[in-house]
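> Need coordinates for the below:
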Amino acid sequence: MDPDYGTMSMSARRYNRTSFLLNVDISVTKSFPSDTYIKLDVYKLSENVYKKTALSYDKKFCDYIGPNQKKYFFENEVVKKKMHFMDRCPVKPDYYWMRDLDPIALMNVQFFSFLPLWQAKIVANIGPKMKPILIAEIYFEIMDTP
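Take a look at the predicted model:
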């Protein structure tokens, strides 16, 4: 995270034999600019190299967290109880967090349901087009449940 805007930490702890729980802490010290975008790119692990796929999402951040979009992520009851996150624009200085978020519950969210069974990573860029405020790389494997 760009230190001009605050600090961020992300951690995971083992939940059981096959999954883990995610924790995120973001302390925003400066409001995000009005031209902030969110860009998500999906990479597939192929021959031990993450290769960019055609799966991509690029939208103004305020449109992403607007009432028509946030239902895919923020309105999920499982998610809503475990977070105080950026859900209004403009994003103002505050302490945002997610606690014990189960990635399997996230995969059941409609927004992520299009992903095939892969070892993958998502690269998230949040900020104005030419100067990201926050960049996060999330590595995971999507498996079929028995």
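
> So in the protein, which strand runs the longest?
For the chain, the longest strand by residue count, based on DSSP state E, is strand 49-60.

> Identify each buried residue in the helix or strand following it, please.
Using DSSP states H and E, the next helix or strand after strand 49-60 towards the C-terminus is helix 61-64. Using 16 or more other Cβ atoms under 10 Å as the test for burial, helix 61-64 gives Phe61, Cys62, Tyr64. All C-beta atoms are positioned from the backbone trio N, CA, C, and that covers glycine.

> What pLDDT is listed against Arg99?
pLDDT, Arg99: 89.

> Trp118 now?
According to the model, Trp118 scores 78 on pLDDT.

> Now it. Nearest residue, chain neighbours left out?
Nearest in space to Trp118, with sequence neighbours left out and distances taken as Cβ to Cβ, 6 or more residues apart in numbering, is Lys44 at 5.0 Å.

> burial count for that neighbour?
The tally of other residues near Lys44 (other Cβ atoms under 10 Å) stands at 16.

> Same question for Thr53.
Per other Cβ under 10 Å, the neighbour tally for Thr53 reads 15.

> do His84 as well
For His84, using other Cβ under 10 Å, the count is 12.

> Verify the stated contact: Leu134 with Thr7.
No: judged on Cβ atoms under 8 Å, Leu134 makes no contact with Thr7 at a distance of 10.4 Å.

> Show me what the closest residue to Lys60 other than its chain neighbours is bridged to.
Excluding the flanking residues, the one nearest Lys60 by Cβ to Cβ, 6+ apart is Tyr37, at 5.7 Å. Here Tyr37 sits in beta bridges with Lys60, Gly127, going by DSSP bridges.

> ok, now Met98?
Applying DSSP bridges, one finds that Met98 bridges with Val24, Met83.

> residue contacts, the residue nearest to Lys60?
For Tyr37, the contact set (Cβ atoms under 8 Å, 6 or more residues apart in numbering) comprises Asp58, Lys59, Lys60, Phe61, Asn125, Ile126, Gly127, Pro128, Lys129.

> Can you say which of those residues are buried?
For the contacts of Tyr37, a burial check counting by 16+ other Cβ under 10 Å picks out Phe61, Asn125, Ile126, Gly127.
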